[in-house]
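S.K.: My questions concern the predicted model and sequence given below.
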Amino acid sequence: MGTTLADAMPDHPPPALTALVRHPDGAVEELSATKLDDIDRLIATEGILVWVSAVKPDEGEIEILRREFELHPLAVEDVRKQGQRPKLDAYAAQHMIVAYEAIEAEDELSEIHLFIGPGWLLSVTWSPTPMLDDVRGRFAGGRDLAGSGVGELLYAVLDAAIDSYFPELDRLSDRIDRLEDRILEGDADRDSLREVLAIKRRLLTLRRVLAPMRDVANQLLRRDLDIVDLATVPYYQDLYDHLVRVLDQLDVYRDLLATVLDARLTVASNSLNAIMKRLTAFTVLLMVPTLIAGIYGMNFDLMPELRWPFGYPLALGMMALAVVVAVTFFRRRGWL
Amino acid sequence: MGTTLADAMPDHPPPALTALVRHPDGAVEELSATKLDDIDRLIATEGILVWVSAVKPDEGEIEILRREFELHPLAVEDVRKQGQRPKLDAYAAQHMIVAYEAIEAEDELSEIHLFIGPGWLLSVTWSPTPMLDDVRGRFAGGRDLAGSGVGELLYAVLDAAIDSYFPELDRLSDRIDRLEDRILEGDADRDSLREVLAIKRRLLTLRRVLAPMRDVANQLLRRDLDIVDLATVPYYQDLYDHLVRVLDQLDVYRDLLATVLDARLTVASNSLNAIMKRLTAFTVLLMVPTLIAGIYGMNFDLMPELRWPFGYPLALGMMALAVVVAVTFFRRRGWL
Amino acid sequence: MGTTLADAMPDHPPPALTALVRHPDGAVEELSATKLDDIDRLIATEGILVWVSAVKPDEGEIEILRREFELHPLAVEDVRKQGQRPKLDAYAAQHMIVAYEAIEAEDELSEIHLFIGPGWLLSVTWSPTPMLDDVRGRFAGGRDLAGSGVGELLYAVLDAAIDSYFPELDRLSDRIDRLEDRILEGDADRDSLREVLAIKRRLLTLRRVLAPMRDVANQLLRRDLDIVDLATVPYYQDLYDHLVRVLDQLDVYRDLLATVLDARLTVASNSLNAIMKRLTAFTVLLMVPTLIAGIYGMNFDLMPELRWPFGYPLALGMMALAVVVAVTFFRRRGWL
Amino acid sequence: MGTTLADAMPDHPPPALTALVRHPDGAVEELSATKLDDIDRLIATEGILVWVSAVKPDEGEIEILRREFELHPLAVEDVRKQGQRPKLDAYAAQHMIVAYEAIEAEDELSEIHLFIGPGWLLSVTWSPTPMLDDVRGRFAGGRDLAGSGVGELLYAVLDAAIDSYFPELDRLSDRIDRLEDRILEGDADRDSLREVLAIKRRLLTLRRVLAPMRDVANQLLRRDLDIVDLATVPYYQDLYDHLVRVLDQLDVYRDLLATVLDARLTVASNSLNAIMKRLTAFTVLLMVPTLIAGIYGMNFDLMPELRWPFGYPLALGMMALAVVVAVTFFRRRGWL
Amino acid sequence: MGTTLADAMPDHPPPALTALVRHPDGAVEELSATKLDDIDRLIATEGILVWVSAVKPDEGEIEILRREFELHPLAVEDVRKQGQRPKLDAYAAQHMIVAYEAIEAEDELSEIHLFIGPGWLLSVTWSPTPMLDDVRGRFAGGRDLAGSGVGELLYAVLDAAIDSYFPELDRLSDRIDRLEDRILEGDADRDSLREVLAIKRRLLTLRRVLAPMRDVANQLLRRDLDIVDLATVPYYQDLYDHLVRVLDQLDVYRDLLATVLDARLTVASNSLNAIMKRLTAFTVLLMVPTLIAGIYGMNFDLMPELRWPFGYPLALGMMALAVVVAVTFFRRRGWL
């Protein structure tokens, strides 16, 4: 207990750490910064629900959290490194859940580390998490979130995180639809290819995050954790169903994208056919009159046509006729 | 109990909520609208089977259902949001099943929410469900549906929903057959591609709905629900078998479609080969006489052929011969 | 018991229903038609083994079967509808197995419904089943089929059905080999594509039937049915092994077919390359002499070659030389 | 017991059946042929280990084996038919294992049927099995094979069979490497395609044999058989590990082959691009001078160049210049 | 016990075998070479932790290890052969783990064999293992590695091995990104194909090694081994999570690579389209003036244009105009 909270924190407490305390009577109070090292006492009190949220904590703040919540060294290491896979780690004194929230603006995902113990929840984040902030706002306002225990609070937080993926799905669906339309209109250029690759990467990122989140939901549902009581089970079932729905949809998108990529190849090959038909038509179109001109360019002594007064216009007429016949022929077959 | 049923419902009851009651003697009676808030008493009566059906219920009607059947908040939320994945949710007071019926006319699927309790069934729908209406008609007519309990009624409803997919399968089979024929006849244009993508999307939609419906059937079969008794098990086994059959067929269609798409690429590539062969043939066909004409267009002093009386017709004859030889040659090889 | 068998059946019994009875002493007797409504008494007799076979039964005959064997309504419905997936349905009074036999002549599959009870077997078929008839002939001849119980009889029937697939596999293997040879010889035309699609459909049909048959064999093996006793287990293990072997082989064929289809695309693309090489060679071959002819067709006053006595033959010689050089060049590179 | 061994076997015993007996003191004796019908007595003796090996047995010899070892009818049928899938069949009196050995010389697989009972092993083969013969030679020489029981003997035999696949893997790896090199060097002709298909078939054959062999090893490891005792478990674990390693490698090869086939298509398409670039270059190269020649072949009265003394060389020079410019231009872009 | 350690080892001990001993007081001592045959006594001492590391051991050293640690013959065979699949083999006297470390410099993997017994760890390696050496250095320095038991030591070693894959993943990600960029810029040449194949092989190698390592981690986590105690479980959970993360990432890369290969084909086909468009444009561009020249090269007596004073410049102008029109036309359509 070398450094105390007083050492680490100046008069103006860092905004990184904030704590909300819900008392048994339902009143919610925001803990003043100087009381942050009472957290260990608070969370030992029966009937009180504490939510500490850390935003971009620095080393000193992580140390405070470690000490107050007695976090396991491996959990602290995960917090430091970030970039974790969604998971549920059960330690002796607390449980850790890693989850991700989709952010509308940036095409990125926000990592969320949640620590849960009897009567308390600690959330650590590094990037904007509007959905999580919204839940926190409702909690601060004293509104009921499914129920009053920490299991219900955890449900509310995870449910918000998962709900963030539905608009993301809609955006992806739009992008795939637009892509399909463009390609069906024959646009097989580099930009559409770039878009295929970008959507593919996004789908892979989402799947990589959501598949383990489904496993976490399943673990919670099977009540491996002592936090989820029987009355909360339907809520976690609902969570699990939502995740399965999102994952189903991602699989549908992956299949559609693969078909679109195949279709793109077919469009390119159709377009090649059209070009070659045109080339063939042009070749015939221009070579037939050239041949006629060549014939009347021959130097035979006895070529009666050359003497005819209307020989020249006749030759030009033959050329024109040849072109008209060829154009008609190829137009009819759809080659021109 | 702020608003009573009398407040929410005017003299003319909304057609959205209708209730059928089957008495122990087999007689079926349609409940008058004013008695709808007796439902809670009715479903508590031994030996009576109640089927309430809600079509496009508004907020007030959902509230009535919630109160009368004591629906769980999450179930009510699902009813409000719609677009659920087929599932079986077990709540303390009732079970909820989400299923889908295929509709012939519209290439769409109708969502059906079913709530089941001891002695009662509540169905909520938003779009036309001819198969479900048919079951309801038979029930209203007092006809026997597999048996007299709520388990048998649920079976009849789900069986009707699943039977709606068999004509859908036939339609898909026809579309794939027609597509295959068109493509084998060399039609590799944009419309056939559009049709491939449309069938693909339909297959994905059906699979996304039917795979979880199979899981629901399996849960019912394993008698996780207390509603299915031993004598009804063969019926649910039959339900499950039907779903597996439909899913098997969907997989067959998916495989066939993939092969058809591959075939389409091959047809396009064959067609390109044919075009290029024709181009080559035309090039040779027209360039040989052009060359002959070029030769006799040379200005050498001493070109004996030019002086021959039949030089010109001979030259024309050579050109004609060259064309005939080339045409014969390329015809024989199948290039023209 | 409204209609008796006497009402339904005239003096000459319909050939659709025939019954074989094996007495405890091993003697096998064909039941006369008038005694068919004694079946319910017969199958209640200890030590007697009855095999009733129905071929294309009409409604009346199905009704007789239903009454005599007390068939479950769902089983009767399956018999009426046909087109079932292979399955094993356990009802209170009997078990039903749906299986398929491959027929050599017609590239079709014959559906077989088997009902099994203690001491009796009922088979219902609609199309020719030579393998099944063969087993029936052996049974009628009093020959031993693996053993004397109904479990052994069922084994003999299923084994015959499964053995029908081995010649089918050989036919498929031959077709794929021939296809591969044709394509490797460069035959990438529409007929080979049609054959690819036909084999694909056949493989999918077989797999759709055989995979659930394997599950049925597994259920029998695990002795879910009380009919299979311990001594018969090796026989059912053998059955299961055969099915797995057939399915393995189907997977191999599917993989080979996919590779053949890929190879077909490569052959088409190789062939295109060859055509384009030829086009390039022909273009060069014909344009060089045309250029030479064009040069000596120019009208300059001072072109000494035009005055040379051997100018014309020299020009022709140059053209011939150019053609010979070009042909040699392109021949060496394999373009012609 | 109609025919005795004396009837079936003349003075000179057939080389097909040979028996090795290991006595409790470790001495190994080859049984003289006339004593072969003592086998039933021998295998009943405590402490003795008997290995009978049958090579291409005829019907009479199979009958002897059936009688002496009391083989199950189904096992005898498998021996007669051959072509079995690797499997472990447990009969009352003995166990049968079907395995395959890879042979270096012939690109084929040798089928091995093994029967195991307490104190005896019977091996039946039809083609050369050098690895198995080697184990037999070591056994005949009295050398220790992992241990002295029949479980250890079985391990030695199976281990030898599996070791035969490692050189096979090396050969496949070499073939794929060579194929990849050839294709990367642009060789996309028919031979490389034939090789792709041949390797594919070989991989499928090996996988079809090795995957069920892994299942057999797993069954042995789980000690479903009473033959494997606890001390032998590490050996069977080793066996299993080897099979998994071989199968892993086959999967890697399958993936590589698929990529190589894809690469082949890309190479063909690159080569097509190169040809078309050359065709375009040639076309331009030859048509520009042809145009120039055409211009000076025109018959206008007033074309001053035609009167110039150096008109002709100038025209030739322009043509040469055009060719040089075009060649340089296309060379720079890599089209020639 | 024929050869003693004194026979096998000269005055200067081989550097291949080194031993570290951690005493109960935390002090770590490096064992002098002459004391190596006391190892069997040391590891029998309570409270002492011994880590023997063998680098490229020769036959004599392997024999010493076999004798001192009483290694199982199969384990010794694995050490001799190397090239093992990652696995956990449980023998009576010790456990063996095979793992692999990724090396930055060489694009290779280093095989590590670990033997674990109560109070001792033996590591055998053949190539550089910087991560392992680092752990050994920390251990030699007396620093704490997660804890003081052999389970903690094993964790530290495996954790180091797995951490070696993260930079490897980064390198692969970079290579795929660069490849994607190159291909999107239209570079579809042989080098990019070679890179695709190289990355594919690397991914397959890593997957083949890491998938079984995950299984080993899972076995350790399920505490099949008596070495992992309850307090160490979170560490092994962390190990397992890391492996799953690496494997997830490999799957993402495999999917991306497949898409990139597909994209490559599309780029090649786009490029072909561009070439053919250009060829068509050039053909038209050059043939139209050639035709005009041909027309005025005809020898008709009555061609008024030929007599016009400005006929020649007019003809040249027409040609120029034709070229300009054609260029403009094809430029607008993007064909030139």
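M.R.: Received, thanks.

S.K.: what residues does the stretch 201-336 of chain A put near chain C?
M.R.: Residues of the stretch 201-336 of chain A lying near chain C by CB under 8 Å from any CB of the partner chain: A:G297. (Glycine included, C-beta is placed from N, CA and C.)

S.K.: Walking through the stretch 201-336 of chain A, point out its helices one by one.
M.R.: Assigned by DSSP state H, counting those that start in this stretch, the stretch 201-336 of chain A shows helices spanning A:233-295, A:304-307, A:311-332.

S.K.: A:Y100: which element?
M.R.: Assigned by DSSP states H and E, A:Y100 belongs to strand A:95-102.

S.K.: mind checking how far the helix or strand following that strand is from the chain centre?
M.R.: Next in sequence after strand A:95-102, counting helices and strands by DSSP H and E, comes strand A:109-117. Taking CA atoms, centre = their mean, to the nearest Å, one finds strand A:109-117 lying 19 Å from the centre of the chain it belongs to.

S.K.: other SSEs contacting strand A:109-117?
M.R.: Helices and strands touching strand A:109-117, by 3 or more CB pairs under 8 Å, 6 or more residues apart in numbering or on different chains; DSSP states H and E, are helix A:73-81, strand A:95-102, strand A:120-125, helix A:150-163.

S.K.: Angles on the backbone of the closest residue to chain D within the stretch 201-336 of chain A, please.
M.R.: Nearest residue of the stretch 201-336 of chain A to chain D, counting by CB to the nearest CB: A:G297, 7.0 Å away. With angles defined as degrees, to the nearest 10, A:G297 sits at phi -90, psi 0.

S.K.: burial of A:A258, as a residue count?
M.R.: Look at A:A258: counted by other CB atoms under 10 Å in any protein chain shown, it has 17 neighbours.

S.K.: what's the answer for the one 3 residues further on, then?
M.R.: The number of residues packed around A:L261, counting by other CB under 10 Å, is 21.

S.K.: That one contacts A:I199, correct?
M.R.: No. Counting by CB atoms under 8 Å, A:L261 does not reach A:I199; the two are 10.0 Å apart.

S.K.: State the number of residues packed around the closest residue to A:P309 other than its chain neighbours.
M.R.: Spatial nearest neighbour of A:P309, chain neighbours left out: E:L302 (5.7 Å); criterion: CB to CB, 6 or more residues apart in numbering or on different chains. Around E:L302 there are 14 other residues, counting by other CB under 10 Å.

S.K.: Help me confirm that E:L302 comes into contact with A:A315.
M.R.: No. E:L302 lies out of contact with A:A315 (CB under 8 Å); the separation is 11.0 Å.

S.K.: hmm, stretch A:127-143 in reach of chain B?
M.R.: No. For stretch A:127-143 and chain B, the contact criterion (CB under 8 Å from any CB) is not met; the two come no nearer than 14.3 Å.

S.K.: average pLDDT across that stretch?
M.R.: Stretch A:127-143 shows a mean pLDDT of 89.

S.K.: now do stretch A:84-93
M.R.: 88.

S.K.: Just the buried residues of it, please?
M.R.: Using 16 or more other CB atoms under 10 Å in any protein chain shown as the test for burial, stretch A:84-93 gives A:84-89, A:91.

S.K.: can you check stretch A:205-214 too?
M.R.: In stretch A:205-214, counting by 16+ other CB under 10 Å, buried: A:205-210, A:212-214.

S.K.: Ok, stretch A:48-63 next?
M.R.: A:49-55, A:57, A:61-63.

S.K.: List the residues that contact A:D159.
M.R.: A:235, A:238-239, A:242 (CB atoms under 8 Å, 6 or more residues apart in numbering or on different chains).

S.K.: Same check on A:D255?
M.R.: Neighbours of A:D255 in contact, by CB under 8 Å, 6+ apart: B:200, B:204.

S.K.: what do you get if the cut-off is 6 Å, keeping everything else the same?
M.R.: By CB atoms under 6 Å, 6 or more residues apart in numbering or on different chains, the contact list for A:D255 reads B:L204.

S.K.: pLDDT wise, what is it at?
M.R.: 91.

S.K.: repeat for the one 5 residues further on
M.R.: In this model, A:V260 is scored at 83, pLDDT.

S.K.: give me every residue that touches it.
M.R.: A:179-180.

S.K.: And the residue nearest to A:P309, how close does it get to A:I62?
M.R.: 102 Å (CB to CB, to the nearest Å).

S.K.: With A:T259 instead?
M.R.: A:T259 is 47 Å from A:I62, by CB to CB.

S.K.: Hmm, A:E70 and A:A93 touching each other?
M.R.: Yes. Between A:A93 and A:E70 a contact is recorded at 5.0 Å, counting by CB atoms under 6 Å.

S.K.: Relative to chain D, which of the buried residues of stretch A:84-93 is nearest.
M.R.: Closest to chain D, out of all of the buried residues of stretch A:84-93 and judged by CB to the nearest CB, is A:R85, at 24.5 Å.

S.K.: Over to the closest residue to A:D38 other than its chain neighbours: give its phi and psi.
M.R.: Nearest non-adjacent residue to A:D38, counting by CB to CB, 6+ apart: A:L31, 7.9 Å away. Torsion angles at A:L31 (phi, psi; degrees, to the nearest 10) stand at phi -70, psi 130.

S.K.: from the helices and strands packed on strand A:109-117, which stretch is densest packed?
M.R.: When you average the neighbours per residue for each of these (mean count of other CB atoms under 10 Å in any protein chain shown), strand A:95-102 leads with a mean of 24.
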